[in-house]
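Engineer: 3D model of this:
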Amino acid sequence: MISIADCNPYLRAAEIQPAVLEGDGPRRAYDHRLFYVLEGQGTLVIEGTEHDLAPDALLIWAPNIDYHFRGKMRVVVLNFDVTRAASDQ
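Structural biologist: Residues are numbered from 1 along each chain as shown. I've put the predicted structure just below:
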């Protein structure tokens, strides 16, 4: 368990995906993920459960989660760690 005092996020990647499309299968999040849907409609399939997505949807989850998207959406994507312990990797 992490203490709130130990939080010092390390941003691994930040981008706007112009078109998140349906993938061939699940991807695995090896770090924390944050997705913000800017435009479009779609579905998130995460651990076998489907969730409808529309603009202004905000998603965040911890590492080691399998997920994939269906549909076409423009999405802000942030990949990050909660601490800087692995910032050199």
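
Engineer: Quick check: bridge partners of the residue nearest the centre of the chain?
Structural biologist: Against the mean C-alpha coordinate of the chain, by Cα atoms, centre = their mean, the closest residue is Arg33 at 3.2 Å. When assigned by DSSP bridges, Arg33 has beta-bridge partners Trp61, Asn79.

Engineer: Could you check how many residues crowd around Val37?
Structural biologist: Counted with other Cβ atoms under 10 Å, the neighbours of Val37 add up to 22. For glycine as for every other residue, the C-beta is placed from the backbone atoms N, C-alpha and C.

Engineer: ok, the residue nearest to the centre of the chain touching Val76?
Structural biologist: No. Look at Arg33 against Val76 with Cβ atoms under 8 Å: they stay out of range, at 11.2 Å.

Engineer: Now do the residue nearest to the centre of the chain, the pLDDT please.
Structural biologist: Here the pLDDT value assigned to Arg33 is 86.

Engineer: all numbers from here: first residue = 455
Structural biologist: Done: numbering now begins at 455, and the last item shifts to Arg487.

Engineer: can you pull the contacts of it?
Structural biologist: By Cβ atoms under 8 Å, 6 or more residues apart in numbering, the contact list for Arg487 reads Leu513, Ile514, Trp515, Ile519, Tyr521, Val531, Leu532, Asn533.

Engineer: Cool, thanks, signing off.
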